[in-house]
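Build me a model:
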Amino acid sequence: MGVRTDGRKELIALAEGLRESTESWADLLRDCRRRGMRAPELVVGDGAMGLWRALTEVFPQARHQRCWVHKTRNVVNALPKSSQPGAKKALQEIYNAEDRDHAEKAVKDFDRAYGAKWPKAVKKVTDETDELLASYDFPAEHWIHLRTTNPIESTFSTVKLRTRVTRGAGSPAAALAMVFKLTESAQTRWRAITAPHLVALVRNGATFHNGYLVERPEVSAA
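Numbering: from 1, shown residues only. So this is what the prediction gives:
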């Protein structure tokens, strides 16, 4: 799923493949490139390593943003139940921070609070801080859209419900066709992103710092 310069979300590609396979993801991305898609400014995804390795190969210019919903779930599940509510709140302090400086401070606070006892859980955050905070270099109005893969997840919830009812599509090709038609139908109901006028600025290389546009200095006439 991508975002057009007018702010509308659009289905870009759908393919059968192995989730963790770099080659499966690379084939999908190469197909997008063959059909004329330029390198995206930012790609939002979960921890599927195949996607990120394929991006490095096909669209090396693209920035990476990890999904906070998936990351929170993975970190919390690596902690004992008694610590999960506090950890979840601490993670919210990171991704809801007003700017990158406050987010980075919240990461350090999370490390101090949980790193000594549960270093593996904390490393899931500290080892990927740049990818988790990439959205701060984009318009603040877009942060709510860039922090998670929920738009895709919610669409596939509907798809899964329908495919369960059919009890199997008969063949992989038929299943893929069914998923495509269901997703294509859902696309008409996808909500455009907030402040769509800023998408064109992002696409044209405008610089944003902590969500705000950085005005370029006027060039003096010689």
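
alpha carbons only for contacts and neighbour counts from here, please
Will do.

Do a quick rundown of the helices in the chain.
Listed from the start of the chain, the chain has helices (DSSP state H) covering 22-34, 49-58, 68-77, 84-95, 100-114, 119-126, 129-132, 143-146, 150-166, 172-187, 197-203.

Now do the longest one against helix 68-77, angle only.
Pointing back at helix 150-166 there. 80 degrees (axes from the mean of the first three to the mean of the last three C-alpha atoms, to 10 degrees).

Then the second one?
Regarding helix 49-58 and helix 68-77, their directions subtend 140 degrees when assessed with the same axes, to 10 degrees.

about what we covered before: which among the helices of the chain is found nearest to Leu213?
Proximity to Leu213, assessed across these by C-alpha to C-alpha, is greatest for helix 197-203 (9.1 Å).

For that closest one, what is the distance to the chain centroid?
Computed by C-alpha atoms, centre = their mean, to the nearest Å, the chain-centroid distance of helix 197-203 equals 18 Å.

who touches it?
With contacts defined as C-alpha atoms under 8 Å, 6 or more residues apart in numbering, helix 197-203 is touched by Arg4, Thr5, Asp6, Gly7, Glu41, Phe138, Pro139.

excluding its backbone neighbours, what's nearest the last one?
Translated: Pro139. For Pro139, the nearest residue in space outside its immediate sequence neighbours is Gly211; the separation is 4.2 Å by C-alpha to C-alpha, 6 or more residues apart in numbering.

dump the residue contacts of the one you found.
Asp99, Tyr136, Asp137, Phe138, Pro139, Ala140, Glu141.

Fine, thanks again, bye for now.
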